[in-house]
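[1] everything below, folded, please.
(chains A, B, C and D)
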Protein chains: 4
Amino acid sequence: MNKEREEAKKYLKTAKGQIEGILKMIDEGRYCIDISNQIIAAEKQIRKANMLILKGHLNSCVKEAFLNNSGEEKVDEIIDVFDKLTR
Amino acid sequence: MNKEREEAKKYLKTAKGQIEGILKMIDEGRYCIDISNQIIAAEKQIRKANMLILKGHLNSCVKEAFLNNSGEEKVDEIIDVFDKLTR
Amino acid sequence: MNKEREEAKKYLKTAKGQIEGILKMIDEGRYCIDISNQIIAAEKQIRKANMLILKGHLNSCVKEAFLNNSGEEKVDEIIDVFDKLTR
Amino acid sequence: MNKEREEAKKYLKTAKGQIEGILKMIDEGRYCIDISNQIIAAEKQIRKANMLILKGHLNSCVKEAFLNNSGEEKVDEIIDVFDKLTR
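    Residues are numbered from 1 along each chain as shown, chains lettered A, B, ... in the order given. Alright, predicted model coming up:
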């Protein structure tokens, strides 16, 4: 497993723990804005995980593809993902 | 618990399950783009949960505050959250 | 015109100027990442303008609606916008 | 000028026109939600322009760098941009 994937896993595990915490906050009737800020924090972790996955992708699969002269397809694919990511 | 919070919990639970699935995908060495798309799907659930929390907030705390003539502070608070949410 | 709208106009005018600058950068063949960063800067101004418009909306129309006991519809409307804004 | 830059210019020009329209909407005292939706539309055009710039970047500079065995630095740079783009 490349180092980006290892790191991505850490962020995802943090996010999972945060979501468990948020579910508890809701059950405890905590203030909306506090819950919302925690959700934003969890989202941030998940987004970081995604960036790492995509970084690893560029440095492996996309690189490989460019060296084999077939990178354009891979670029379309990753741009598609970034497009979804940014809306 | 208001209905928005109930619904938000469902989305958060779905997101949690998706994150567990993504961790497994990483361990199985699945294709980056597939992992990334799953991460985007999880993020979407989390964002929906947040929207519901904030909707509930507007319909309860912010409403209350307006009726008590102290809404502006609450508006600043929620705009702050939306600001973070949209970057 | 409320103060939020006045301020929003400033941000929009800045963004317009930045876009003109970006078009020039493209014509001059400037480096992609520099162009991209400028685009992000322009987007930020536009987003700030939007936050101001929505803040003004909450403090006027939504407030009014709550005082007239018809706020829920307005909340759905603004949540819809925030939903689009955050994807 | 590569085709992505040509296309990006079109989106930026559309966005510029939309911003001019939005400024007029504000002066005319139009409804907040309508203004906000127009701002979102303009933001979308700008974001599309950015995606095109970055796509062109991947297909030229990043490709070049990979072929010259110096791609990792370029990947860091573009991931940085995407990171800002997605918050």
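[2] how far away from the center of its chain is the helix or strand residue A:73 falls within?
    Residue A:73 is part of helix A:71-85 when elements are defined by DSSP states H and E. Distance, stretch centre to chain centre, for helix A:71-85: 15 Å (CA atoms, centre = their mean, to the nearest Å).
[3] same question, stretch A:75-87
    13 Å.
[4] any idea of the mean pLDDT in that stretch?
    In this model, stretch A:75-87 has a mean pLDDT of 87.
[5] and if you look at stretch A:11-25?
    Averaged across stretch A:11-25, pLDDT comes to 98.
[6] can you tell if it touches chain B?
    Yes. Judged by CB under 8 Å from any CB of the partner chain, stretch A:11-25 and chain B are in contact via A:12, A:13, A:15, A:16, A:19, A:20, A:22, A:23. C-beta: built from backbone N, CA, C; applies to glycine.
[7] can you give me the neighbour number for the fourth one?
    The reference is to residue A:16. 22 (other CB atoms under 10 Å in any protein chain shown).
[8] that one: what secondary structure?
    helix (DSSP: H, G, I helix; E, B strand; the rest coil).
[9] circling back to that earlier point, pull out the buried members of the residues of stretch A:11-25 next to chain B.
    The neighbour count (16 or more other CB atoms under 10 Å in any protein chain shown) marks A:12, A:15, A:16, A:19, A:22, A:23 as buried among these.
[10] list the contacts for residue A:35?
    A:22, A:25, A:26, B:53 (CB atoms under 8 Å, 6 or more residues apart in numbering or on different chains).
[11] so which of the residues you listed comes closest to residue D:70?
    Nearest to residue D:70 out of the contacts of residue A:35 is residue A:22 (CB to CB; 42.7 Å).
[12] surely that closest one touches residue A:39?
    Yes. Here residue A:22 reaches residue A:39: they are 6.0 Å apart, a contact under CB atoms under 8 Å.
[13] identify the contacts common to these two.
    Counting by CB under 8 Å, 6+ apart, the residues touching both residue A:22 and residue A:39 are B:12, B:49.
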